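[1] this one's structure only:
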């Protein structure tokens, strides 16, 4: 397979990760990174070009694919430009920050000779796939209720709290997973914490989801995990069904160190680099995308699913503001 | 200390437990058990009297204390009769099934020379106390959000689903714990599963709690844990604060057996009987009560707290019916 | 039941624990504590007498029972004096530091109208009992191999390392448990760490046990757990059999706090005091002993078992010195 | 990077795994699989050639690399033939079943223009690397003692017990890891279970290792994990040092399912295939090897280490037979 000639637009927290993985991949030829902030050149892998102009980056000769890792409200303009050039586009989650942007992007993809996929990384995580398999195989029976948590460290919260919300940034992962497990959502309700910690807006939210199937779900998410305590994140999923139950327990990490500075839980399944080889869900997602550019294999998340997850997240923010449940239309 | 002369009224699931513990205790003299169903005589410890008449039981000469373990809606008449006789009354949680009953019982206690306490057992569990201590000591900082689960096995669900609700029977435990950790509740919202499994009513509910402090909480509870799978219950508490976090993880049991019939998690902290000695939160609660009869030590749950937990549970059932959040008045 | 009139001789780490539990027990009347070091008076519960003279303590009028908590090599003289007075004697593990002392104590018990039992506390721990039940019930099949660990914090190691050895102080617990599960030991082998940390002698030892049944076992124990790291102990038992396996995993504590000083695992099953009520294996052991004084119930550890565990521990120290396996005679 | 043209010799349990990963890799061109048993053709990926003749396979035009996955005692002849053809050789662990074979292979590698590496897969596992990093960084201080377990399911035990031993097949992994953490071994001692379960020889062994540094270690391994119980394996590593401790706990899997047939622990870090992309330590090891063929990057396990691990394993089998400790020369 010839390496896929690609670029990364937006070299923030997650764009830097993608660039590092692509630079180490024999199946990618990362020709450029682009960020409107010139200071981000520091984050670009050695030997890879850097530009501050998006259009010029997308016009690079022979470019086949682009990873869109900008702030959420800027997904749309970059994706539209890329699709206009018939590129294969990988766009980070959520698809956009507003439904009208998502709709415009989906329409642009429909008329482009390029393609658009959204990176809901948990769909590439072996443990979430294992739970989905258990549900599909009938081990759990009918899904009755689900609970998910995805908490982020306070140092991340300080960076992102000013520019997004808990539902759009954090809950979107688990909304997508729950929809994958239990289908369409009918109604949501959210409460936001009123105790300020790191952000201008709510630092924690809890929420309920009602599914058309009659199943129910619950979310509790924050970005305030005190990094000095040794517990910087807490990701969980529980699925309770009529015949059994299934769990993802990311706090039960396979490697733990108790050193002079306290405990460190060594998560290895999301991303790590044993002997310099990228490892985990994020490199797996990237590799799947690169191969799909060559062989057209089907991305496991439909654009309609990415849009539906966004619709739930938007409704959760609305519910938290209104103090009322908010219906979600299919 | 002279043993406390006591009786148990209602010898169902939990009354049987209390009777067994009291019969083995050197600090109790269990003189009688009472149940309107004569068949329950089977559940009475050897050498202990049995009656079907409540008034006659409460009139036993020298009786000092009574454990009220009847169905919830029958707590009030038994408690009122006992208080009229100036007995020390231990009443199982919830205080009652309706707020007017709770109020009547609290009023009866106020004018009696007897006493009334409500058995929220988690207040006697070392691990929940440890989490409360961590919050009191400031290790967690300000409480931001909490999540709790208490799922029961399907065989219990089949027994109790016809006569109570998920909030009144299961969530009441964790509502009390969350109020202990974060104060008064302002508003609740609940969604009930519409997928039938064991009960005539909802078998699972999820809910949000908003506290006056600005903290938020989430509950997900069921009584459908498929007992054939090896996982018959799942109890958890997570508390996330501005400075740290604290957890009760009852699925991490200290003893696990993998045998020909699959896995068995051996919970030991709630109740067990090493070498015939009652052990766990329930015997500890009983012992505290017996000593309080002698020395007047203060019960750790005020009647106002027991009533407030009931108010939340009633509001959760109301919310699930209305599809609207329900305010909880102090 | 009338409270058992008792005394504690030796008020060090464990004697202080026993005294506190007995002082809080309605079934004990703790009349005195005795220690040859007058400074230990500080450790005596309020209202309990203190003496430095053992004989005078044992001569207290009406004394029925004594808890012997002296250093190991002083168990024998105190036990012999107590048995000569026909007292009920609870002696801490190991029975003694030398086999000839153990034999003398067993002989003294045989001719006394008093009694002698040895406190192998794990026999009163619900989780170790649960694993033993699983083996007895056949869930595990034939026992093939076992592994046990019991590590202590460095601050304890600094106190005890000068006066005992890893096998006598730490491994003795798990030797007794393994013999309970798999019968007599035929041969042992031990290696001692040569890297100094807290003690004058070895701070860690590893060992193999061969059982007459053909089963095998392994031990790894230390007293160097760095208390600043948050992990101060690590207790485990694994039993692998022809039909299944069983585990005690004391690191999976039901309550965990992540605070500004790092992680704290809150062990609750060994000893804790919810609302002031003693709770755990140690209070359970004490209560069983007090009741056995009244009703003669049989202690779950025979003196022959306590002696056999000591024989293994002595053989392990010998093996570590010789660099050779050492046979253990029945 | 041009794909590496390679073959797999020996298509048993592990050869089948390598073939599947290589067939899915864009960096490999798997041209043939070879097994002397024609029935193994079933295990060959679609589109890949199959042969029963080793020499003919190694003579395939343009072949660059070979994966040697034969039974242990046949590693040497295949490796020697491959090195004689100047191929890049990946050989499964242990390097050989006898030290003289290992020496011959190392000598052959020294004079070949090809290369030889041994696949100790745990060196590519993120969690074992994380523990090694913690030791290297000083978080654990001086290594004092270590404990490791690697138990295999009984269905595997039935296949392999007739042709290898517990030290050569199972313990070799952890011996290599412990040497990586604590240096050379000075002396070993082993006890073998005498209770037959699946194999003609011992199904379980326990062992001690003494290191030149003064550190000590302990192993307990079997291949009898009763697969019907839900717990088919149990892999652990604990490292205790003067300043802290570190753990690999593979039973704490991130995904667990409780279904009608009991519990299933879903291990994902060794090998799994999310959306068809190979994932885990084994694919990572393969990818590192393929790249080393192109760019000469240094394999993380020296041949001297692979030989030293074998020397320990051979000494353990000898010790179990003799009932004596056996010195290990450097």
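    Sure, I can see it. Because the structure is predicted, anything quoted here is derived from the model rather than measured.
[2] quick one: find the helix or strand in chain A with the lowest mean pLDDT.
    strand A:262-266 (a mean of 73; mean pLDDT, DSSP states H and E).
[3] so in that sheet, which strands flank it, and in what orientation?
    Sheet pairing of strand A:262-266 (DSSP bridges) gives strand A:255-259 (antiparallel).
[4] gap between the partner strand and the chain center?
    28 Å (Cα atoms, centre = their mean, to the nearest Å).
[5] cool, and stretch A:240-252?
    In terms of Cα atoms, centre = their mean, the centre of stretch A:240-252 is set 21 Å apart from its chain centre.
[6] now the element after the least confident helix or strand of chain A, going C-ward?
    helix A:281-295 (DSSP states H and E).
[7] residue A:32 belongs to a strand?
    Yes. With DSSP: H, G, I helix; E, B strand; the rest coil as the criterion, residue A:32 is part of a strand.
[8] wait, it sits on residue A:57?
    Yes. Shown here, residue A:32 and residue A:57 form a contact pair, counting by Cβ atoms under 8 Å, at 5.3 Å. C-beta coordinates here come from the backbone N, C-alpha and C atoms, glycine included.
[9] which residues touch the least confident helix or strand of chain A?
    Strand A:262-266 has contacts (Cβ atoms under 8 Å, 6 or more residues apart in numbering or on different chains) with A:229-232, A:251, A:253-257, C:229-231, C:258, C:261-263, D:126-127, D:130, D:134, D:139.
[10] report the set of residues contacting both of residue A:32 and residue A:57.
    Counting by Cβ under 8 Å, 6+ apart, the shared contacts of residue A:32 and residue A:57 are A:7, A:51.
[11] which of the two has more neighbours?
    The neighbour comparison of residue A:32 against residue A:57 (other Cβ atoms under 10 Å in any protein chain shown) goes to residue A:57, with 24 against 21.
[12] close to chain D: what parts of the stretch 201-330 of chain A are there?
    A:243-250, A:252-261, A:264, A:266, A:268-269, A:272, A:274-277, A:279, A:281, A:284, A:287-288, A:291, A:297, A:300 (Cβ under 8 Å from any Cβ of the partner chain).
[13] quick one: distance of stretch A:220-234 to the chain centre.
    In terms of Cα atoms, centre = their mean, the centre of stretch A:220-234 is set 18 Å apart from its chain centre.
[14] may I see the buried residues of stretch A:84-103?
    Neighbour-count burial for stretch A:84-103 flags A:85, A:87-98, A:101-102 (criterion: 16 or more other Cβ atoms under 10 Å in any protein chain shown).
[15] ok so, going back, restricted to buried residues, select the contacts of strand A:262-266 in PyMOL.
    In PyMOL, a selection of the buried entries from those looks like this (16+ other Cβ under 10 Å):
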select buried, (chain A and resi 229+230+231+232+251+253+254+255+256+257) or (chain C and resi 229+230+231+258+262+263) or (chain D and resi 126+127+130+134+139)
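[16] please tell me I have it right and residue A:53 contacts residue A:34.
    Yes. Here residue A:53 lies in contact with residue A:34, judged by Cβ under 8 Å, at a distance of 7.1 Å.
[17] point out where the stretch 151-300 of chain A drops to low pLDDT.
    A:250-254, A:266-271 (pLDDT under 70).
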